[in-house]
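Engineer: need a structure here:
(chains A, B, C, D, E and F)
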Number of protein chains: 6
Amino acid sequence: MKRVVYSGTFDPITNGHINIIERALKLFDEVIVAVAESKEKNTMFSLEERVLTIQKATDKFGKVSVKPFRGLLVDFLKDEGTDFVIRGLRNGVDFEYERDMHYANRSIYEKIETVYLNSKIEDSFVSSSVVRTLIRYNGSIAHLVPSEVLELVNSK
Amino acid sequence: MKRVVYSGTFDPITNGHINIIERALKLFDEVIVAVAESKEKNTMFSLEERVLTIQKATDKFGKVSVKPFRGLLVDFLKDEGTDFVIRGLRNGVDFEYERDMHYANRSIYEKIETVYLNSKIEDSFVSSSVVRTLIRYNGSIAHLVPSEVLELVNSK
Amino acid sequence: MKRVVYSGTFDPITNGHINIIERALKLFDEVIVAVAESKEKNTMFSLEERVLTIQKATDKFGKVSVKPFRGLLVDFLKDEGTDFVIRGLRNGVDFEYERDMHYANRSIYEKIETVYLNSKIEDSFVSSSVVRTLIRYNGSIAHLVPSEVLELVNSK
Amino acid sequence: MKRVVYSGTFDPITNGHINIIERALKLFDEVIVAVAESKEKNTMFSLEERVLTIQKATDKFGKVSVKPFRGLLVDFLKDEGTDFVIRGLRNGVDFEYERDMHYANRSIYEKIETVYLNSKIEDSFVSSSVVRTLIRYNGSIAHLVPSEVLELVNSK
Amino acid sequence: MKRVVYSGTFDPITNGHINIIERALKLFDEVIVAVAESKEKNTMFSLEERVLTIQKATDKFGKVSVKPFRGLLVDFLKDEGTDFVIRGLRNGVDFEYERDMHYANRSIYEKIETVYLNSKIEDSFVSSSVVRTLIRYNGSIAHLVPSEVLELVNSK
Amino acid sequence: MKRVVYSGTFDPITNGHINIIERALKLFDEVIVAVAESKEKNTMFSLEERVLTIQKATDKFGKVSVKPFRGLLVDFLKDEGTDFVIRGLRNGVDFEYERDMHYANRSIYEKIETVYLNSKIEDSFVSSSVVRTLIRYNGSIAHLVPSEVLELVNSK
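Structural biologist: Numbering: from 1, shown residues only, chains lettered A, B, ... in the order given. Next comes the predicted model:
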């Protein structure tokens, strides 16, 4: 069984992330969403909120597990017993950042394999950071995130 | 009458910004400079200082209004009754950032139209951040900013 | 009256080009499409075919003129009595190429002003080169070009 | 059974290509190498030479088939009954080119899925074009290509 | 005698930095490592720790001096009586940042000359930021930094 | 004595090239301009014309030699007994191309060292290709090339 890790802060998860998870399931038997605690950044949503929201939003796909994640990605991979990581790519600057992360990780765990998919063209501007800005100023986000994020925002 | 919004933090305004405003007036009948409050960033100059300095520095152009700006750019556009935004471009990384902002804004306000001009080649390195670094360490900035910024700095 | 030049080889014109022309008309009173002869490249369609097709495809906009173009863009601008050029931008590599062309042109005609608009996000991959490849191998192009290009292709 | 297409001109195949094929086999059950005829480019090696060399060089992997390829990639995918394409990525410019190809292909075949892997860091400069230049001027290529390419070159 | 300044935060120094210093000595008679105090960033290691570690790590090269550095690079250059700065380059984004710094510095000190070397291909992902992340989560860094950094980390 | 090779097609040499040569002489005792024959490209000027023009244009610097160059750069370096190559950089795309050439060359000659300088900001758009286009259509080039190129063009 092939399993893949999709790691990130997901603060909050967007339709772009959901689309990558859905398409990853065409390549892999299970997607493990690794939700980074992000000590360094102040997140808008707590780790618990983010994990729970992603669980609800990916429940329909059946083969997605969502786990909080602290520390190094390569340690998480070893714990999960897989070498595969999946990433969405929007543009060349994105890629160069991801590539260097990959090479850094590979320098301490040679078996890591990062697999990239294109973001959907119509989602190519969507990021958690854009969504947070819209939330902050009461802009519409319904077209950018799964309904579970809307519920989370409205519950506050 | 065609009006265009030029938004930014302008902390402080530079000769590069002034040049964009001046050239925007060849395309538009009025330029509205929208000075962002910038809650998230600590600015070197207060919102009031920045607005006042830009007013003085653009007074000679006649058709420039300067307004403080809080919230989403698209809400500001609707309030002003225009769909046009103007931006200066220095390099490809600049553009990819601006493009994604444009697509994000367009996803919540379809009529927005962002118009880009090239920075002057000899200004292509100038940014507010470079100017702030020079101010901090007593470097010369007279060649990078309008005289009104020099007065503001000297008054402190 | 503000007039703007939109120059290119247009071999053939795409929906991306048509969209730029349509939006340029919100900024300018007239768009002059300058169709480059392209001595250096072998074009798939003749200069006459390209001019005629663009005329038909832009006829509905009312304020578009289409002219064959040989030589330097700055000479064409002077002949037309305007300083404005319009370009669509898809990505950062596009921009860096266009910027250097602009600076080269400006070095021989200081008054030139290049105005950039974003391509529509869903058109951001469309180019004449992609269309030619599809034509060559009988791929579908109906979603990428105006109907006048389809007629031209079918007439061959 | 998951099958993936790896298309290119492979003029000639390099160690970078071989490495992508080998790693693709960790994700897919079969790799179909689609060797483009390349009418437009003059190739250094004939289509037959390129197909035969790749067959020999990938024979040891067991689950690789090598086929000549004319026309559109999406037609080849449909003939082979798969939606997956694999590509190696070296840098951001590479990616932006591949992304636009993907979006163009997706516009005529929505099910296409392009999967990207990083080139190995130490291979990140290797390209067929570099190899051809070295061949042309009798430079050493033994570290850049499989031995089967060396044999092909020496047989000439 | 030709002397060159290599400035940075070096928090901590990496094998990539050491390699640039070593190769700079083929071009220059002396390398002055200017260790920036970095008021704005919270560094992992103190200025004293960083200076001392670099001194130990570069002692074997003979012609390297290490100095703390506050303020503007151009003032440091004038104090040292040299116009040369050396930088390592990993990718295009790196370069565009460095180029704009160079042009900003040149605008206040025309004689500055920035000399760039390629990072080693196998080091092209290494940065102080990657090293700090590994330290924070107990990842291995022995392959990325000189032994003097290991000692510093272990002493804490 | 430190010698450096500056290789290119120089079809024709521009003020940007001349500026790099002049500044290279602050770092090196001699600059050897290696003028590539360029079998693959049709050049506007013959190898003999290019060599002679550069000789005249660099005569005033005293320590410049100009030589025709066929084959691989690394063979030329070995013949000349130096490991240093100098290149001007204008933008990130430029750099990524040059970097890959460097790594390719280094893979067959480990001692090669490529040294990069920034182009002057006001020259950052100048290229031989821009100059050839201007020559072809009788545009002014006097501000872009040394007077020796003007003489060559006028003599035709």
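Engineer: doesn't residue C:90 make contact with residue A:91?
Structural biologist: No: using Cβ atoms under 8 Å, residue A:91 makes no contact with residue C:90, being 10.8 Å away. Any C-beta I mention is one placed from the backbone N, CA and C, and that applies to glycine too.
Engineer: Just give me the neighbour total for residue A:88.
Structural biologist: As a burial measure, residue A:88 scores 24 neighbours (other Cβ atoms under 10 Å in any protein chain shown).
Engineer: wait, isn't it in contact with residue A:18?
Structural biologist: No: the criterion here is Cβ under 8 Å, and residue A:88 misses it with residue A:18 at 10.4 Å.
Engineer: Phi and psi next, for the closest residue to chain D within chain A.
Structural biologist: Proximity of chain A to chain D (Cβ to the nearest Cβ) peaks at residue A:92, 2.7 Å away. Backbone torsions for residue A:92, taken as degrees, to the nearest 10, come to phi -60, psi -30.
Engineer: Over to residue A:61?
Structural biologist: Main-chain dihedrals, residue A:61, degrees, to the nearest 10: phi -80, psi -20.
Engineer: for the residue nearest to residue A:7 when sequence neighbours are not counted, what are its contacts?
Structural biologist: The shortest distance from residue A:7 to any non-neighbouring residue, by Cβ to Cβ, 6 or more residues apart in numbering or on different chains, is to residue A:34 (3.9 Å). Listed by Cβ atoms under 8 Å, 6 or more residues apart in numbering or on different chains, the contact partners of residue A:34 are A:5-8, A:67-69, A:73, A:76.
Engineer: What is the three-state secondary structure of residue A:34?
Structural biologist: The local conformation at residue A:34, judged by DSSP: H, G, I helix; E, B strand; the rest coil, is strand.
Engineer: What segments of chain A are strands?
Structural biologist: Here chain A has its strands, by DSSP state E, at A:3-8, A:30-36, A:64-69, A:84-89, A:113-118.
Engineer: JSON lines for the ones you listed, including mean pLDDT?
Structural biologist: Shown next, in JSON lines, are these (pLDDT from 0 to 100):
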{"stretch": "strand A:3-8", "mean pLDDT": "98"}
{"stretch": "strand A:30-36", "mean pLDDT": "98"}
{"stretch": "strand A:64-69", "mean pLDDT": "97"}
{"stretch": "strand A:84-89", "mean pLDDT": "97"}
{"stretch": "strand A:113-118", "mean pLDDT": "98"}
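Engineer: got a pLDDT number for residue A:91?
Structural biologist: In this model, residue A:91 is scored at 87, pLDDT.
Engineer: For residue A:92, see how far away the residue lying closest to it once chain neighbours are set aside is.
Structural biologist: Closest residue to residue A:91 apart from its sequence neighbours, by Cβ to Cβ, 6+ apart: residue B:96 at 5.6 Å. Taking Cβ to Cβ, to the nearest Å as the measure, residue B:96 falls 8 Å from residue A:92.
Engineer: got the angle for the lowest-mean-pLDDT helix or strand in chain A vs strand D:84-89?
Structural biologist: None of the helices or strands of chain A scores lower by mean pLDDT, DSSP states H and E than helix A:92-108, at a mean of 93. Calculated by axes from the mean of the first three to the mean of the last three Cα atoms, to 10 degrees, helix A:92-108 forms an angle of 80 degrees with strand D:84-89.
Engineer: Put the alpha carbons of helix A:92-108 into PDB.
Structural biologist: C-alpha atoms of helix A:92-108 as PDB (Å, rounded to 0.1, in the frame of the first residue of the first chain):
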ATOM      1  CA  GLY A  92       8.500  28.800 -10.400                       C
ATOM      2  CA  VAL A  93       9.200  30.700  -7.200                       C
ATOM      3  CA  ASP A  94       7.100  28.100  -5.300                       C
ATOM      4  CA  PHE A  95       9.100  25.300  -7.000                       C
ATOM      5  CA  GLU A  96      12.500  26.700  -6.200                       C
ATOM      6  CA  TYR A  97      11.500  26.900  -2.500                       C
ATOM      7  CA  GLU A  98      10.100  23.400  -2.400                       C
ATOM      8  CA  ARG A  99      13.100  22.000  -4.300                       C
ATOM      9  CA  ASP A 100      15.500  23.400  -1.800                       C
ATOM     10  CA  MET A 101      13.400  22.000   1.100                       C
ATOM     11  CA  HIS A 102      13.500  18.600  -0.700                       C
ATOM     12  CA  TYR A 103      17.200  18.700  -1.100                       C
ATOM     13  CA  ALA A 104      17.700  19.700   2.500                       C
ATOM     14  CA  ASN A 105      15.500  16.800   3.700                       C
ATOM     15  CA  ARG A 106      17.100  14.400   1.300                       C
ATOM     16  CA  SER A 107      20.500  15.300   2.800                       C
ATOM     17  CA  ILE A 108      19.400  13.800   6.100                       C
END
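Engineer: what residues does it touch?
Structural biologist: The contact list for helix A:92-108 (Cβ under 8 Å, 6+ apart) reads A:72-74, A:85, A:87, A:89, A:112, A:114, A:116, B:93, B:96, C:91-93, D:89, D:91-93, D:95-96, D:118, D:121, E:90-93, E:124-127, E:130, E:134, E:139-140, E:143-144.
Engineer: Right, I'll call it a day here.
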